[in-house]
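would you be able to build a 3D model of this:
(one chain, ligands or ions: 1)
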Amino acid sequence: MHDTADDDCTCERERQSEHSPSVVDSGEMLGRLIYADDQVEDATGNLKPGAFPLADVLDAKRGGWSFARLAHSTPASLLAKGKEFEDKKPDGNRRFRGVGKGLTGDVRAIAECSPNRDLCLIDDGLPDDPAHAAAVLSPSAPRSKSDLKAVRDKMLEIFSPVASPDDAF
Ligand SMILES: [Zn+2]
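Coordinates of the predicted model:
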């Protein structure tokens with residue numbers, strides 16, 4: 001999947017999932033679903049570091065940072081996903097706040113720690129969620145938390161503030 005011999009990774013130029021409509025275009029908008037207290041500052045709607053846990057990109061088994069591709073989503077589908085997140089831990093700590101919206105091209109342009117780019121953005125459609133996309137570390141990205149904090153800060157900047165599902169389109 002990742003072309004580790006070359007920094008110019010080709011993984012995102014080829015469709016990665018048979019369930020996806022297409023590869024992720026650099027003009028597409030992505031939505032990051034926000035549902036926990038450590039993910040958003042309620043007063044401003046700006047995202048907090050918890051919105052992009054470093055463990056999700058450092059541990060390949062976790063599959064990277066997940067997004068909904070807005071071109072293939074609707075307010076109703078975002079609401080349903082948000083509800084699903086709430087129901088996974090029905091202890092009152094999870095409440096769907098909406099989505100952080102960002103441009104694919106801005107994510108691909110992040111090069112805080114690597115010569116070319118820090119993240120690859122791939123189509124990752126699931127059988128019941130074809131609009132699913134994922135950001136994973138590029139082959140040349142560092143694998144240390146301290147370096148990756150700069151990448152996370154850029155992601156917070158790009159995807160703030162949170163919007164309601166209706167306002168995400
Ligand atoms: Zn890649």
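
could you use CA atoms for every contact and neighbour count after this?
OK.

so P161 sits right up against D42, yeah?
No - under the criterion of Cα atoms under 8 Å, P161 is not in contact with D42, lying 10.1 Å apart.

which one's more surrounded, those two?
P161 (18 against 12; other Cα atoms under 10 Å).

what's the residue lying closest to that one once chain neighbours are set aside sitting at in phi/psi?
Excluding the flanking residues, the one nearest P161 by Cα to Cα, 6 or more residues apart in numbering is N46, at 4.4 Å. N46 adopts backbone torsions of phi -80, psi 150, taken as degrees, to the nearest 10.

what pLDDT is listed against N46?
pLDDT, N46: 98.

show me the contacts for it.
Neighbour list for N46: V40, L156, S160, P161, V162 [criterion: Cα atoms under 8 Å, 6 or more residues apart in numbering].

can we see that at 10 Å?
Q39, V40, G100, L156, E157, F159, S160, P161, V162, A163 (Cα atoms under 10 Å, 6 or more residues apart in numbering).

by neighbours, which of those wins?
G100 (28 neighbours).

which strands or helices does the helix or strand hosting that residue pack on?
Assigned by DSSP states H and E, G100 falls within strand 94-103. Secondary-structure packing of strand 94-103 (3 or more Cα pairs under 10 Å, 6 or more residues apart in numbering; DSSP states H and E): strand 29-36, strand 65-69, helix 75-88, helix 145-159, strand 162-163.

could you redo the last one with a cut-off of 8 Å?
Judged by 3 or more Cα pairs under 8 Å, 6 or more residues apart in numbering; DSSP states H and E, the packing partners of strand 94-103 are strand 29-36, helix 75-88, helix 145-159, strand 162-163.

helix 145-159 and that one, what's the angle between them?
80 degrees (axes from the mean of the first three to the mean of the last three Cα atoms, to 10 degrees).

paired strands for strand 94-103, with orientation please.
strand 29-36 (antiparallel), strand 162-163 (antiparallel) (DSSP bridges).

shaky segments in this structure?
1-8, 90 (pLDDT under 70).

make it 80
Along the chain, segments meeting pLDDT under 80 span 1-10, 89-93.

state the distance from the closest residue to G64 other than its chain neighbours to W65.
Spatially, and ignoring its direct neighbours in sequence, G64 is nearest to V57 (4.3 Å; Cα to Cα, 6+ apart). For V57, the distance to W65 equals 6 Å [Cα to Cα, to the nearest Å].
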